[in-house]
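Student: Have a look at this prediction, sequence included:
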Amino acid sequence: MKLAEKIFEGHHRECFAISGKNLIVKKLKPGPKILWIKTDWFYRRNVNREEYDLYRSLPDSLMKYFPSFVELKDDMLIMERITDFDGRFSKTVLEYGRVANEFFWKDVETIVEILKDENLWLFDIFHYGNNMVVKKVSEEVFRPVIIDFKRMGWSSYPLQINLLFESECRKKFHRRLKKFIKKFKG
């Protein structure tokens, strides 16, 4: 597997395109973390394993809003690189900006309803707009595709003891959703 350009870098990992394929790879950043940074307490989380395990446990009703191919290989998370109908790579919501497409927002409502029904409080999918892409299915139809989905529940934020309660998880989820809608709904 030959890596091409770096697409994104977060706290825990770097994301690269895979040369000659419509795939990306998420690689853990090297080195131990000694100090507490965000959610780490003197240990290194394997966020690729966490994300892969979560992906495999998602209900079928949500799967059309995630990449169709996700695989874990040697602690690297490999997944489909989402493309638009014209062959261009889909942009994150943050890159795209305000999305004025009724199909996109109807799907966001559906995602929220499924997550509520399943009590899955995925904190990061609506956070900052960089964990979801705007897939243009056609000129008229846009769909959200969730590309980063590793933060769920108290274990994502162990210092936030309040997240031991489902009601607090729900509040955090809805606060982030509200900010997402305010910032990106066109």
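Tutor: Received it, and whenever you're ready, just let me know what you need. Numbers count the residues shown, from 1 in each chain.
Student: what does the helix or strand harbouring residue 117 rub up against?
Tutor: Assessed by DSSP states H and E, residue 117 sits inside helix 102-118. Here helix 102-118 makes contact (CB atoms under 8 Å, 6 or more residues apart in numbering) with 59, 61-62, 65, 99, 120-122, 125, 134, 137, 140-144, 146, 170, 173, 177, 181, 185. C-betas here are computed from N, CA, C, even on glycine.
Student: and if we set it to 7 Å?
Tutor: 59, 61-62, 65, 121-122, 134, 141-144, 177, 185 (CB atoms under 7 Å, 6 or more residues apart in numbering).
Student: now stretch 51-70
Tutor: 72, 77, 79-80, 82, 107, 111, 114, 118, 144-147, 149-150, 152.
Student: same thing with stretch 129-146?
Tutor: 65-67, 82, 84-85, 90-94, 96, 99, 101, 103-104, 107-108, 111, 124-125, 147-149, 180, 183-184.
Student: circling back: distance between the helix holding residue 117 and the chain's centre?
Tutor: 15 Å (CA atoms, centre = their mean, to the nearest Å).
Student: Can you flag which of the contacts of stretch 129-146 belong to helices?
Tutor: 93-94, 96, 103-104, 107-108, 111, 180, 183-184 (DSSP state H).
Student: Tell me the buried residues within those.
Tutor: 93, 96, 104, 107-108, 111, 180, 184 (16 or more other CB atoms under 10 Å).
Student: Could you export those residues to CSV, including columns for distance to residue 17 and pLDDT?
Tutor: What follows is those, written out as CSV (distance: CB to CB, whole Å; pLDDT from 0 to 100):
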residue, distance to residue 17, pLDDT
93, 19, 97
96, 19, 97
104, 24, 98
107, 25, 98
108, 26, 98
111, 26, 97
180, 26, 97
184, 25, 97
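Student: Quick check: the farthest pair among these?
Tutor: Farthest-apart pair in those is 96 and 111; separation 16.9 Å (CB to CB).
Student: quick revisit: taking the contacts of stretch 51-70, tell me the two that lie furthest apart.
Tutor: Counting by CB to CB, the most remote pair of the contacts of stretch 51-70 is 72 and 107, 26.5 Å apart.
Student: re the thing from before, from the ones in helices among the contacts of stretch 129-146, which is closest to residue 7?
Tutor: Residue 7 lies nearest to residue 94 out of those, by CB to CB, at 12.9 Å.
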